[in-house]
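[1] Here's a sequence, model it:
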Amino acid sequence: MTQLVEQDIQPPASKIIRIEIDQVNIDILIRDPGKHMQIWNYPISQQDEIRRAYIKFGPYQFIMDEYPLSGLKSHPRRFKAHWFKSFSWLEYSPEVDAVFCLSCYFFSRKSSPFTSGGFRNWKKVNNGKDCAFLSHVDKSLNSPHNITVKSCKDLLNQLCHIDKVLAKQNSQQVLSNRLRLKASIDTIGNAKFCLIVDEVRDKSKREQIALVVRFVDKYGFVKERLIDVHVKDTTSATLKQEICSALSHHNLNIQNVRDQGYDGVALVAAAKEVINVHTFFQSLSNITNLRDGSWGALLNKVNSFCNDHAIQIPDMDASFSDIIRSCRKKDVVIVEHHYRIDIFTSVLDFQLKELNNRFSE
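    Residues are numbered from 1 along each chain as shown. Model (predicted):
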């Protein structure tokens with residue numbers, strides 16, 4: 001009994017017909033599957049385009065009143081047109097009186113009569129469950145034929161290709177983010193805002209700074225918007241210039257900055273060169289001076305304020321009683337010690353510790 005034998009699709013080099021032209025005119029492609037070249041003989045750059053054109057044409061199902069007889073002279077057989085309805089993938093070539101499989105011609109990795117030469121053993125068609133057409137399709141979803149059918153659908157449905165989807169989504173997302181950023185920045189206007197700046201590298205290893213603008217919108221909600229800025233280096237001078245340029249580009253006045261957060265030695269150095277930020281760093285030394293020698297002056301100002309507004313002033317020399325402390329402990333702390341050490345100095349020490357952690361310089 002004759003069986004269909006599938007072999008690797010790579011034919012001997014001597015049997016491959018190489019075309020010399022660089023481009024193929026898609027408008028004059030030969031429809032007859034027995035006459036056109038194998039797909040690998042077309043220019044590689046055009047193969048997908050040619051596949052797409054043939055798939056849009058559909059299978060070449062040539063209708064005749066009577067097809068040629070072939071086979072044994074004692075019992076010749078012929079192709080039947082109603083087979084097209086049962087097997088939509090069939091193509092018929094009047095040139096060679098044989099059928100081909102459209103999808104396998106384009107994508108099959110195996111060589112068979114349905115992809116090269118053509119199938120014409122009509123006796124094997126009307127053979128029940130051993131029908132050659134059914135055997136070619138196979139019941140498995142992962143059969144070579146079904147895989148090529150899916151490949152054809154995927155090729156036509158190019159908009160669903162992952163690279164196309166990602167490119168489309170990325171471009172739309174970038175545009176959406178830019179519009180969102182512009183709308184957000186416009187709402188800031190001349191209001192006050194905060195900056196959070198960090199040095200980072202993108203996937204291409206380019207230096208950039210992540211600049212986050214934090215502000216309160218007109219509805220009273222705190223918003224944050226990211227502005228990424230590419231820089232040629234991370235020196236303090238470059239970072240200072242890029243920060244100022246980014247704010248200026250979005251019409252944000254640096255004089256309206258009311259709080260800053262910086263990560264990185266160069267960024268801290270750059271921040272010190274900005275007027276408002278420089279003033280902020282100068283005030284750090286004032287906090288230290290205030291802690292060490294300004295308690296007396298502060299106390300005099302508080303006493304003067306209380307006297308002007310008829311506010312009772314506690315006796316600073318009296319013993320201080322803390323109701324939270326255990327009653328078994330003796331009151332050995334005076335009121336002035338409580339305000340000066342437990343409150344005033346403690347708060348300043350906490351601030352200095354926090355600032356030292358954030359700004360090592």
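[2] And the helices in this structure?
    47-57, 83-86, 102-107, 132-137, 144-156, 162-188, 236-249, 265-272, 275-293, 295-308, 335-337, 346-358 (DSSP state H).
[3] what residues does the second one touch?
    Right, the one you point to is helix 83-86. Contact with helix 83-86 is made by Pro59, Gln61, Leu90, Tyr92, Val99, Val125, Phe133, as judged by Cβ atoms under 8 Å, 6 or more residues apart in numbering. Bear in mind the C-beta positions are built from the backbone N, C-alpha and C, glycine included.
[4] Low-confidence ranges, the stretch 151-300 of the chain, go.
    Applying pLDDT under 70 to the stretch 151-300 of the chain picks out residues 158-187, 200-207, 228, 230, 234, 236, 262-293.
[5] residues touching the residue lying closest to Val222 once chain neighbours are set aside, list them.
    Of all residues not flanking Val222 in the chain, Val216 sits nearest, at 5.7 Å (Cβ to Cβ, 6 or more residues apart in numbering). Residues near Val216 by Cβ under 8 Å, 6+ apart: Ala191, Val222, Lys223.
[6] what about the first one, neighbour count?
    By other Cβ atoms under 10 Å, the residues close to Ala191 number 14.
[7] Can you pull the phi and psi angles for it?
    Per-residue torsions, Ala191: phi -80, psi 170 (degrees, to the nearest 10).
[8] measure Phe119 to Ser88 for me?
    In this structure, Phe119 and Ser88 are 16 Å apart, going by Cβ to Cβ, to the nearest Å.
[9] And stretch 345-357, what's buried?
    Leu348 (16 or more other Cβ atoms under 10 Å).
[10] same deal with stretch 67-79?
    The neighbour-count check on stretch 67-79 (16+ other Cβ under 10 Å) flags Tyr67, Arg77, Phe79 as buried.
[11] Would you confirm that the second one contacts Gly71?
    Yes - in this structure, Arg77 sits in contact with Gly71. The criterion is Cβ atoms under 8 Å, and the distance is 4.9 Å.
[12] Which neighbours do the two have in common?
    Common neighbours of Arg77 and Gly71 (Cβ under 8 Å, 6+ apart) are Trp122, Lys123.
[13] among the contacts of helix 83-86, which are in strands?
    In this view, those that belong to strands under DSSP state E are Leu90, Tyr92, Val99.
[14] Phe62 is in contact with the second one, correct?
    Yes - taking contact to mean Cβ under 8 Å, the distance of 4.8 Å between Tyr92 and Phe62 places them in contact.
[15] Looking at these two, which is more packed in?
    The residue with more neighbours, out of Tyr92 and Phe62, is Tyr92; 25 against 17, by other Cβ under 10 Å.
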